[in-house]
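>>> everything below, folded, please.
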Amino acid sequence: MEWLQTFDIEVLQWLRETLSTPFMDKLMVLISTLGNAGALWLFLGVLFLIMGIRRKNWREMGILLLLCVGASALVCNLILKPCVNRIRPYDLLGYVDALLIPPLHSPPGIRRHASRRQRQSAPKTAPGALRRIFSAQ
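Here you go, the predicted structure:
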């Protein structure tokens, strides 16, 4: 799992150094807001159900979309997240205050924020940006 955390941190650093502009910050806030709690997919599912009044295939697509959103939420939030229980990269690096929008709350039992001990025990031999990050501490 350490390789995944290293990769996450490298990608996060690259994004911050390369793509962070005022325009991109506003655009990503909009895109992130659309994805909150599956709102876009729920809206589309309900829209397909409404459009399905006249066409049966639209209603079937709406039902399938809503079933998939529900199954995905159950599997991800109740099974995968508690099993993996991984520290988020922005927590590990201390970027929580720099987030443009506050993180959503996780279901009970899922750890979102890294403790000081976990941040200090993060991999210190990782390549590139990680070395710069941890050597500055």
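
>>> what's the neighbour count on residue 38?
By other Cβ atoms under 10 Å, the residues close to residue 38 number 17. For every residue, glycine as well, the C-beta is placed using N, CA and C.

>>> wait, it sits on residue 66?
No. The pair residue 38 / residue 66 is not scored as a contact, 9.7 Å apart, by Cβ atoms under 8 Å.

>>> got any ranges where this protein has weak pLDDT?
The chain contains residues with pLDDT under 70 at 96-137.

>>> in it, which spans are helices?
2-18, 22-35, 39-51, 56-74, 81-84, 89-93, 116-120, 129-135 (DSSP state H).

>>> quick one: contacts for residue 12?
By Cβ atoms under 8 Å, 6 or more residues apart in numbering, the residues touching residue 12 are 89-90, 93, 95.

>>> Produce a ChimeraX select command limited to the buried residues of those residues.
Selection of the buried residues among the contacts of residue 12 in ChimeraX, burial being defined by 16 or more other Cβ atoms under 10 Å:
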select :89,90,93
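
>>> against residue 68, how distant is the nearest residue to residue 4 once chain neighbours are set aside?
The shortest distance from residue 4 to any non-neighbouring residue, by Cβ to Cβ, 6 or more residues apart in numbering, is to residue 86 (7.5 Å). Taking Cβ to Cβ, to the nearest Å as the measure, residue 86 falls 24 Å from residue 68.
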